[in-house]
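J.: What shape does this take:
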Amino acid sequence: MKRGALLTKRILQYAGRQQHKCGCSVSTMPPCDFKPDPYTGISFEDAVKVRKNNLSPALFTYYRSPLMIHQGYMQWLFDHTGRRYLDLFGGIVTVSVGHCHPKVNAAAERQLKKLWHTTNIYMHPKIHEYAQKLASKLPENLKVVYFVNSGSEANDLAVHMARMHTGTYEVVSLRNAYHGASPHLMGLTAISTWRFNVPSGFGIHQTMNADPFRGPWGGKNCRDSPSQTIRDCDCAAGECKAGDMYYEQLEDVLRFSMPKGRCGAFFAESIQGVGGTVQYPKNFLKRAFAKVRESGGICISDEVQTGFGRTGTHYWGFEGHDVIPDIVVMAKGMGNGFPLGAVVTTPEIAAGMGKALHFNTYGGNPVASAVGSAVIDVIEEEGMQQNSHEVGTYMIQEFEKLRDQVEIVGDVRGKGLMIGVEMVTDKASRAPLGGDKMGDIWEHTKDLGILMGKGGFFGNVFRIKPPMCITKADADFTIAVFKEALEKCT
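T.: Residues are numbered from 1 along each chain as shown. The predicted model follows:
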């Protein structure tokens, strides 16, 4: 074997068996031939001081022993010491095709050398090329694109557009939903931990969250997921009594809380993200959309986390519900980490925005448009939607096996690479697992080399939403790490 090949082999072997901080053993981390640059930046100790003294006190830090991430490559992250981690959270479901994907990087670099920014009042090629490409990915008459910089901006604009179009101020969202934390959106977001004690949410109402696992109603065949809940029900095939009950709650809100029963808009995620990867009973959204439209409203689909192939079976999460929204909002994976968001709607709804001047300084700027266009190309060329379906389904099924073996694993749910694992004290009560125990497991998985998110109202749901380039070997490593963390911490 030549010296260079031997060196490469040794690097891969070392990468696979890197020492865990906790000193325990676990299945070998899948190899990676990428070598991070030596870290030369601010010291960890000085960064801690800056974080305390110069950044927002509301900025929380993951893990008891926090990480300082230095570099990323595809599904991998490297800390300032050079240690490698499998990123199962993708920068809060933001890195879609992989950290620093070469094709996306190259698109950004080419555009940076040509034109960083110019106002969209001038015509520049990239925004027009990208808008056409993006619109081609959406069904029917969803053809008009408004580019913004984040999911919060997109949701804020969508609410405004709905009110302008319908002439009705009242908007309905679901409890346990997260749609942003801006002052205007705090009313749309119905998770109290994200809401400040200030006036918010004027004209916004919430209906009961259609959660088959933690809600008052749910059964064993409710969800469009490879994994169903552990709850029993007496529904016949094709029926869902739980869905009927949640739908009646929505009817009740529309009947009593709307002006003369008239609704302006209904806002829903295809699968709730921050709320803990919650999926609704089958056909709930389809019936809800029909009822809202019957009440004069329009339907808005929040695809900030579920769009761009992440759910596997479809490019957009709403397609899995057999619905077509009137407005679609998107961000996060849209730019693979670059600040980029959009609202896409019909020409009829878009016409309402012509009643006054409307402009976004950075939305759709040349670099953002080049990056977004490259992301769409990579998803198609590298089959990442199909990979999400195959690897995600495999991972859900493996987590489901673990659920059946371990008492505190209460629920496994999701589609594609939008996965949630809800932890409980016991399956009979479904009481949320406490924060200390959740923290022990979470910290241990980090020490073993994987980074997961955490969410749900009680903070008891592990959120697994990695870059869509992960492999089955990565999934096997994840399951092995999670199993060892449970054995160590329970």
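
J.: quick one: the strands in the stretch 251-400 of the chain?
T.: Taking DSSP state E, counting those that start in this stretch, the strands of the stretch 251-400 of the chain run over residues 265-269, 298-302, 327-330, 341-345.

J.: actually the stretch 51-200 of the chain, not the one I typed
T.: 69-73, 76-79, 84-87, 144-148, 171-174.

J.: Setting aside sequence neighbours, what's the nearest residue to Pro432?
T.: Counting by Cβ to Cβ, 6 or more residues apart in numbering, Pro432 lies nearest to Phe458, which is 3.7 Å off, once chain neighbours are set aside. Placement of C-beta: from N, CA and C, glycine included.

J.: Let me know whether that neighbour touches Arg430 as I believe.
T.: No: when contacts are counted by Cβ atoms under 8 Å, Phe458 is not listed as touching Arg430 (10.8 Å).

J.: I'd like to know how many residues surround Lys355.
T.: By the measure other Cβ atoms under 10 Å, the count of residues near Lys355 is 8.

J.: What confidence value was assigned to it?
T.: Per-residue pLDDT puts Lys355 at 88.

J.: and it, what does it touch?
T.: Met164 (Cβ atoms under 8 Å, 6 or more residues apart in numbering).

J.: all helices for the stretch 1-150 of the chain, in order.
T.: Assigned by DSSP state H, counting those that start in this stretch, the helices in the stretch 1-150 of the chain fall at 3-16, 44-54, 90-93, 102-114, 125-135.

J.: what's the closest of those to Pro212?
T.: With Cβ to Cβ as the criterion, Pro212 lies closest to helix 90-93 of those, at 21.7 Å.

J.: Skipping adjacent residues, who's closest to Gly264 in space?
T.: Thr168 (3.6 Å).

J.: circling back: mind checking what secondary structure the residue nearest to Pro432 has?
T.: coil (DSSP: H, G, I helix; E, B strand; the rest coil).

J.: Repeat that for Gly420.
T.: Classified using three-state DSSP, Gly420 is strand.

J.: That one reaches Arg413, doesn't it?
T.: Yes: between Gly420 and Arg413 a contact is recorded at 5.2 Å, counting by Cβ under 8 Å.

J.: Quick check: neighbours shared by these two?
T.: With Cβ under 8 Å, 6+ apart as the test, Gly420 and Arg413 both reach Thr277, Val278.

J.: show me where pLDDT drops low in the chain?
T.: Along the chain, segments meeting pLDDT under 70 span 1-27.

J.: hang on, the earlier thing: compare the strands of the stretch 251-400 of the chain and report which one is nearest to Arg110.
T.: Arg110 lies closest, by Cβ to Cβ, to one member of these: strand 341-345, at 21.7 Å.

J.: Distance from the chain centre to stretch 259-274, please.
T.: On the basis of Cα atoms, centre = their mean, to the nearest Å, stretch 259-274 sits 18 Å off its chain's mean C-alpha point.

J.: sorry, that was for stretch 138-151
T.: Centre-to-centre, stretch 138-151 and its host chain are 18 Å apart (Cα atoms, centre = their mean).

J.: Between its first and last residues, how far does it reach?
T.: Its first and final residues considered, stretch 138-151 spans 18 Å by Cα to Cα, to the nearest Å.

J.: list the buried ones in that stretch?
T.: Residues Leu138, Leu142, Lys143, Val144, Val145, Tyr146, Phe147, Val148, Asn149, Ser150, Gly151 are the ones in stretch 138-151 that count as buried (16 or more other Cβ atoms under 10 Å).

J.: so which of these would you say is closest to Leu55?
T.: So of the buried residues of stretch 138-151, ranked by how close each gets to Leu55 (Cβ to Cβ), first place is Ser150, at 18.4 Å.

J.: Next up, the contacts around the spatially most central residue of the chain.
T.: With distances taken as Cα atoms, centre = their mean, Gln305 lies nearest the centre of the chain, 3.1 Å away. By Cβ under 8 Å, 6+ apart, the residues touching Gln305 are Val93, Glu269, Ile271, Gly273, Lys332, Gly333, Met418, Lys465.

J.: Which one (most neighbours) among the residues you listed?
T.: In terms of neighbour count, Lys465 stands highest of the contacts of Gln305 at 32 neighbours, by other Cβ under 10 Å.

J.: quick one, what contacts that one?
T.: Neighbouring residues of Lys465 by Cβ under 8 Å, 6+ apart: Leu88, Phe89, Gly90, Val93, Gly273, Gln305, Arg310, Leu417, Met418, Ile419, Gly453.

J.: Setting aside sequence neighbours, what's the nearest residue to it?
T.: Lys465 sits nearest to Val93 (Cβ to Cβ, 6+ apart), 4.2 Å away.

J.: surely the one you found meets Gly273?
T.: Yes: counting by Cβ under 8 Å, Val93 touches Gly273, with 6.2 Å between them.

J.: Could the C-alpha coordinates of stretch 77-89 be exported in CSV?
T.: Provided in CSV are the C-alpha atoms of stretch 77-89 (Å, rounded to 0.1, in the frame of the first residue of the first chain):
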residue,chain,number,x,y,z
LEU,A,77,-19.6,19.2,12.7
PHE,A,78,-16.2,19.8,14.3
ASP,A,79,-15.5,21.6,17.6
HIS,A,80,-12.6,23.9,18.3
THR,A,81,-10.5,20.9,19.5
GLY,A,82,-11.1,19.1,16.2
ARG,A,83,-13.5,16.5,17.7
ARG,A,84,-16.1,15.3,15.2
TYR,A,85,-19.9,15.0,15.8
LEU,A,86,-22.8,13.6,13.7
ASP,A,87,-25.2,16.5,13.4
LEU,A,88,-28.7,15.2,13.8
PHE,A,89,-30.3,18.7,14.2
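
J.: starting at the chain centroid, how far to it?
T.: In terms of Cα atoms, centre = their mean, the centre of stretch 77-89 is found 20 Å from the chain centre.

J.: Buried residues, it. List them.
T.: Applying 16+ other Cβ under 10 Å to stretch 77-89 flags Leu77, Phe78, Asp79, His80, Arg83, Arg84, Tyr85, Leu86, Asp87, Leu88, Phe89 as buried.

J.: again with stretch 403-423
T.: Using 16+ other Cβ under 10 Å as the burial criterion, the residues of stretch 403-423 that qualify are 403, 406, 408-423.

J.: taking these one by one, which sit in helices?
T.: Among the buried residues of stretch 403-423, DSSP state H puts Arg403 in helices.

J.: just to revisit the earlier point, Phe399 is nearest to which of the helices of the stretch 1-150 of the chain?
T.: helix 90-93 (17.5 Å).

J.: how far is that closest one from where the chain is centred?
T.: 7 Å.

J.: which strands and helices sit next to that helix?
T.: Contact partners of helix 90-93 among helices and strands, from 3 or more Cβ pairs under 8 Å, 6 or more residues apart in numbering; DSSP states H and E: none.

J.: List just the one of the helices of the stretch 1-150 of the chain that sits closest to Tyr394.
T.: Tyr394 lies closest to helix 90-93 among the helices of the stretch 1-150 of the chain, at 17.8 Å (Cβ to Cβ).

J.: Can you list the buried residues in that closest one?
T.: Neighbour counts over helix 90-93 (16+ other Cβ under 10 Å) mark Gly90, Gly91, Val93 as buried.

J.: Just the closest of the residues you listed to Asn54, please.
T.: Nearest to Asn54 among the buried residues of helix 90-93: Gly91, at 22.1 Å, using Cβ to Cβ.

J.: Perfect, that will be all.
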